[in-house]
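> Could you look at this predicted model? Sequence included:
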Amino acid sequence: MVIPSAPGMRKHVQNLAVIGAQWGDEGKGKIVDLLCESYDVVARYQGGHNAGHTVKFADQHFALRLIPSGILHPDKLCLLGNGMVIDPDALLDEIGKLRALGVHVEDNLKISDSAHCILPYHKALDLAREETAGKAKIGTTGRGIGPAYETKVSRYGIRIADLLDAVVLRDKIEFACAEKNPVLKTVYGKEGFDPQTLIEAYLRYGEILADRITNGTVLVNQLIREGKKVMFEGAQGTLLDVDHGTYPYVTSSNTVVGGVCTGLGVAPKHIHEVIGVVKAYTTRVGGGSFPTELENEHGEHLRKRGNEFGTVTGRPRRTGWLDLPIVRTSAMLNGLDSIALTKIDVLDDFDEIPVCTAYKVRGENWNTYPSFAVEHQEYQPQYRTMKGWKTSTVGITNFDKLPQAAKDYIRFIEDETEAKVSIVSTGPRREETILR
Ligand code: GDP
Ligand code: IMO
Ligand code: MG
């Protein structure tokens, strides 16, 4: 596979975290792929196949779910960290699909032995809860992510290492079925699972994955000691963090940069730079508050022009104007060194582009996200209206070639968030990028 390079690659520090700064789907896949060239290792630290990271170059299109976007570069080592929840069936499916597209997935993909497994009862519980929750449903991806993290925290989880131990696996699956089947049957009226069938299937997954399973924490720390450069690839987004996001409409992991430390066993001093990926407007999939949401023709235009449909579920994404209190909150939580601003080209047609600079909540101004407002939806977004540029920015690779109004838009974001925009993305492809 021939991979065209991005123009004028920037110089890199040793280890870099690339984090979604909004509600996910900011374009992390593109940015990780773009910067990958300068790194030796790409590691995921949280989440599972709820993620959908799209990478496009030349005429090829890849949708990564569990596997780091670095896999498209055959000389990079990719690691699924201990903080992830892994559905082995989904992982094998993804490996198969990538191989069918000519991607090298051999000993360049390793799995931490202490990552947790998603089992079919997790998925069944996720779906059953959503089905019965009515208006209170979260709008999950239905992949079993939340229930798998619950089992992990309850200390009864099945870890990847357990797939290699028939005695431990049998005990754990029998216990899990004895506990989960009655809940599925009596609370939700669903079928339970036969432990023997699950034991056989998961032992088989262990056999197939055995060569990839390793102590991921020791591996990544060894590589760092050897001076290898590691990129930490975030999934979901900061506002979906279980502690800091718009709870309860969040995912079940720590998406913020702190998750790198726990989800890979990497000490904070080894994270040298943090880039927040920010979409030039805002999108969200699933339920929960969305102060700048546009349920009108402008929102429809953003969805159509930005192709805002889920990579994993195909669901139409909710769309709205850029929300700076959210980006400021992300800058604070992640200590952002800079911003990669994506999809600026999607704004090309607007006469005017409002940007939310603060919220008014009960007469008070908030310039970060007020957590209590999530439940009550009492915030009123305060907008500053920027001039549109009404000309195509698609594929521009030089900041000076951007129309003045687009430069003003970018500089306004920098002023308001006190974070430099180091990358501007002007299209889905690797080449369609401005590096500043
Ligand atoms: P991720 O989950 O953060 O990796 O983002 P997704 O891949 O789910 O969604 C981002 C979508 O926007 C993908 O379809 C990308 O190909 C596309 N994309 C990324 N950057 C740009 C850009 O600058 N302009 C346009 N038009 N599309 C982009
Ligand atoms: P990437 O990595 C956008 C959302 C779901 C739902 C909530 C909980 O592609 O940015 P879950 O299945 O995780 O329990 O769902 O989180 N969600 C995402 N939204 N991008 C994602 O990933 C997401 N992963 C989960 O829509 O609202
Ligand atoms: Mg996505």
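Now that the structure is in, tell me what you want to look at. Numbering: from 1, shown residues only. Ligands and ions are numbered 1, 2, ... in the order given.
> and Asp243, what does it touch?
Asn254, Val256 (CB atoms under 8 Å, 6 or more residues apart in numbering). Where you see a C-beta, it was placed from the backbone N, CA and C, and this is true even at glycine.
> Quick one: mean pLDDT for stretch 310-326?
On average, the pLDDT along stretch 310-326 is 91.
> Is that stretch positioned near ligand 1?
Yes - Stretch 310-326 lies within reach of ligand 1 by CB under 6 Å from any ligand atom, at Thr311.
> buried set for that stretch?
Neighbour-count burial for stretch 310-326, with 16 or more other CB atoms under 10 Å as criterion, is recorded at 310-313, 317-326.
> Filter these down to the ones in strands?
Those of the buried residues of stretch 310-326 mapping onto strands are Arg318, Thr319, Gly320, per DSSP state E.
> If the last one is in a bridge, with which residues?
Right, Gly320. Going by DSSP bridges, Gly320 is paired in beta bridges with Thr282, Glu293.
> ok so, going back, which one of the buried residues of stretch 310-326 is nearest Thr255?
Nearest to Thr255 among the buried residues of stretch 310-326, counting by CB to CB, is Ile326 at 13.2 Å.
> Can you tell me how far the closest one is from Tyr359?
10 Å (CB to CB, to the nearest Å).
> can you check Asn215 too?
45 Å.
> Find the residue closest to the residue in the stretch 301-436 of the chain positioned nearest to ligand 2 in space, skipping its chain neighbours.
Distances between the stretch 301-436 of the chain and ligand 2 by CB to the nearest ligand atom are smallest at Thr311, namely 6.0 Å. In space, and not counting its chain neighbours, Thr311 is closest to Gly52: 2.7 Å by CB to CB, 6 or more residues apart in numbering.
> ok, how many other residues are close to that neighbour?
Burial of Gly52 is recorded as 19 neighbouring residues (other CB atoms under 10 Å).
> Tell me if I'm right that it and Gly314 touch.
No - taking CB atoms under 8 Å as the definition, Gly52 is not a contact partner of Gly314, at 9.7 Å.
> So this structure: which segments form each domain?
Per automatic domain parsing, the structural domains of the chain span 15-112+215-435, 116-213.
> Could you count how many residues lie near the closest residue to Lys190 other than its chain neighbours?
Nearest residue to Lys190, sequence neighbours excluded (CB to CB, 6+ apart): Leu184, at 4.4 Å. As a burial measure, Leu184 scores 18 neighbours (other CB under 10 Å).
> what about Leu184, distance to Ala128?
Distance, Leu184 to Ala128, using CB to CB: 7 Å.
> hmm, back to that, so what's the residue nearest to Thr311 up against?
Asp25, Ala63, Leu64, Arg65, Gly310, Thr311, Val312.
> Angles on the backbone of it, please.
Taking degrees, to the nearest 10, you get phi -140, psi 100 for the backbone angles of Gly52.
> State the distance from it to Glu94.
11 Å.
> Flag every residue of the protein that's near ligand 3.
Residues of the chain lying close to ligand 3 by CB under 5 Å from the ion are Asp25, Gly52, Thr311.
> Next secondary structure after the host helix or strand of Val220?
Per DSSP states H and E, Val220 falls inside helix 216-225. Per DSSP H and E, the first helix or strand lying C-terminal to helix 216-225 is strand 230-233.
> follow-up on the earlier one: I'd say the residue nearest to Lys190 and Leu127 touch.
No - with contact defined as CB under 8 Å, Leu184 does not count as touching Leu127 (10.2 Å).
> How about whichever residue of the stretch 151-300 of the chain sits closest to ligand 1: what's its closest non-neighbour residue?
Residue nearest to ligand 1 within the stretch 151-300 of the chain: Val277 (6.2 Å; CB to the nearest ligand atom). Using CB to CB, 6+ apart and skipping the chain neighbours, the partner closest in space to Val277 is Glu26 (4.1 Å).
> And that neighbour, how far from ligand 2?
Here the distance between Glu26 and ligand 2 works out to 7 Å (CB to the nearest ligand atom, to the nearest Å).
> Same check on Ser253?
With distances taken as CB to the nearest ligand atom, Ser253 is found 8 Å from ligand 2.
> so what's that residue up against?
Residues in contact with Ser253 (CB under 8 Å, 6+ apart) are Gln46, Gly47, Gly83, Val85, Ile145, Tyr149, Gln236, Asp241, Val242, Gly259, Gly263.
> again, 6 Å this time
Shown in contact with Ser253 (CB atoms under 6 Å, 6 or more residues apart in numbering): Gln46, Gly47.
> How about Tyr249?
Ile138, Gly287, Gly288.
> Looking at the residues you listed, state which has the most neighbours.
The residue in the contacts of Tyr249 with the most neighbours, by other CB under 10 Å, is Gly288 (20 neighbours).
> And the helices in the stretch 301-436 of the chain, which stretches?
For the stretch 301-436 of the chain, applying DSSP state H, counting those that start in this stretch gives helices covering 324-334, 373-376, 404-417.
> Burial-wise, tell me which of those helices comes out on top.
helix 324-334 (a mean of 25; mean count of other CB atoms under 10 Å).
> is that helix anywhere near ligand 2?
No - on the criterion CB under 6 Å from any ligand atom, helix 324-334 is out of touch with ligand 2, staying 13.2 Å away.
> going forward, begin numbering at 24 instead of 1
That works, and once the first residue is 24, the last one we named lands at helix 347-357.
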